[in-house]
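**Q** Using only what follows, build the 3D model:
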Amino acid sequence: MNDRERFKAVANFETPDYVPIFGFPGAPGMSGGCMKKTHDYLIATGMPADVGGFNENWACTDVESWYRYWGTTGSMGINFGLARGGRWFESTSREEDGYVIIESENGAITRQLVDNDITYTMPEFIRYAVRDRESWEFHKRRTQANDIMPPDEVAENCRRFDDRTRPLCISAGSTYGMLRGLMGTEYASIALHEEPDLIHDMIQSCLDGARKYVFPLIERLKPEIVQIGEDLCYNHGMLLSPRHFDEYCGQFYKEVCDCARAAGADLIAIDTDGNVMEFTGVAASYGVNAIYPYEVKGGNDLFALREQYPRFVFCGWLEKESINEGNEDTIEPEIMSKVPPLLAKGGYFPNGDHGIQPWAAFPSLCRFMTILHDVCGNPEGEFPRV
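**A** Okay, here's the model as predicted:
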């Protein structure tokens, strides 16, 4: 089997030749590299320096060598889009008391660590891009596309993916995740109640863009994964009620899921953090059949969810902190208590529950990968088995 065939087997509750250590975009677990500071520490603690896969400025360098060395894999993404003509915002930055202050011409101001591009901790969002109707209209005017890629260029770009041996993932956009990113959680939460017309307009804008610029690519390329990026949960559950999700996000999800199913997608997957116990059922009601990364500290319980949703595909749910230096004794219990029983039920991609932290040490990652590969019957990888 190749990577694509293996992925499809797991996604459809069939039996592959071995279970892949598969990383999804945005939350690759241990599969798709790490931030540069983390990568530097892995090398300092023993990983060969020629293993790539470090992420800097949100671009992963030589992830293929990471795949080979650690015996992991991931999806392909498209490197082109149909939309043309939109314009983003210029920004300026300055250092102040050990932090970088970034000011955008849309009015947003963020404060972050000086080396945040190679470490990544959550910035402090001092002011958001959308603060009222006027700032939304300015944002919409500036960013909306006004042209589309010509058909001959579309055909040329799409042909490159016709004979793929890895699963292809196409992002369909976002609903609440877009609101939270532009408005902040507090204003978005208030606006759901007090400014419904603004919220409907913002999400309708995303749906219009998906219809025009994303659905044609899904129909032509027939990806294995259609992904929606949301981050709409926190450690106690959803950041908006199921009622508000249905009211504001429901039409977007209905159309994305209809398009993806018609194109034969194996997974319609949502990237969201936090406690998704309630949201799993909400998402499933629209035809979504996968969520990742199922964070451990969010209080998720995949055993309980498997009883409720026997054909839903699960990903992650292995505590990322187990490979941090000093936590070595937690690795084997974490994997052995979860992975074998979940694999026995099918439809599970085992992995870390988000990404590798700066305190991860090479010997610990080797131990984690040794046990996980063994449980998955996975022979891949050049790393030293422990």
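**Q** measure the nearest residue in space to Met183 that is not next to it in sequence to Gly347 for me?
**A** Spatial nearest neighbour of Met183, excluding adjacent residues (Cβ to Cβ, 6 or more residues apart in numbering): Val130 at 4.8 Å. Quick note: C-beta positions are derived from backbone N, CA and C, even for glycine. Applying Cβ to Cβ, to the nearest Å, the value for Val130 to Gly347 is 38 Å.
**Q** what's the answer for Glu186, then?
**A** 37 Å.
**Q** what about the residue nearest to Met183, neighbour count?
**A** By other Cβ atoms under 10 Å, 26 other residues sit near Val130.
**Q** So it, which state does it fall into?
**A** The three-state label given to Val130 by DSSP: H, G, I helix; E, B strand; the rest coil is coil.
**Q** Lys36 contacts Ile118, correct?
**A** Yes: if you go by Cβ atoms under 8 Å, Lys36 and Ile118 touch, sitting 3.8 Å apart.
**Q** any shared contact partners between the two?
**A** Listed as contacting both Lys36 and Ile118 by Cβ atoms under 8 Å, 6 or more residues apart in numbering are Phe54, Glu56.
**Q** Grab the nearest non-local neighbour of Thr272.
**A** Glu230 (4.6 Å).
**Q** pLDDT weak spots in the stretch 1-150 of the chain?
**A** 58 (pLDDT under 70).
**Q** Helices of that one, residue ranges please.
**A** 3-11, 36-44, 63-70, 116-119, 133-143 (DSSP state H, counting those that start in this stretch).
**Q** In a markdown table: these, plus mean neighbour count and distance to Val276.
**A** Below are the helices of the stretch 1-150 of the chain laid out as a markdown table (neighbours: other Cβ atoms under 10 Å; distance: least, Cβ to Cβ, whole Å):
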| stretch | mean neighbour count | distance to Val276 |
| --- | --- | --- |
| helix 3-11 | 19 | 18 |
| helix 36-44 | 18 | 25 |
| helix 63-70 | 20 | 27 |
| helix 116-119 | 16 | 26 |
| helix 133-143 | 15 | 28 |
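**Q** Pipe these into TSV and attach distance to Asp271 per row.
**A** Formatted as TSV, those follow (distance: least, Cβ to Cβ, whole Å):
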stretch	distance to Asp271
helix 3-11	16
helix 36-44	20
helix 63-70	18
helix 116-119	21
helix 133-143	21
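**Q** Quick check: which of the ones you listed is nearest to Ala83?
**A** helix 133-143 (9.7 Å; Cβ to Cβ).
**Q** and the residue nearest to Met183, what does it touch?
**A** Counting by Cβ under 8 Å, 6+ apart, Val130 has contacts Trp136, His139, Leu182, Met183, Tyr187, Met202.
**Q** now, among these, which is nearest to Phe54?
**A** Checking those against Phe54 with Cβ to Cβ, the nearest one is Leu182 at 29.2 Å.
**Q** What count of nearby residues applies to the closest one?
**A** Neighbour number of Leu182 under other Cβ under 10 Å is 19.
**Q** OK, contacts around it?
**A** So Leu182 contacts Tyr128, Ala129, Val130, Trp136, His139, Met202 (Cβ under 8 Å, 6+ apart).
**Q** now Pro293
**A** Phe24, Ala27, Gly29, Asp271, Asp273, Cys315, Gly316, Trp317, Asn351, Gly352, Asp353, His354.
**Q** mind running it again at 10 Å?
**A** Pro293 makes contact with 23-24, 26-29, 271-273, 276, 300, 314-318, 320, 349, 351-355, according to Cβ atoms under 10 Å, 6 or more residues apart in numbering.
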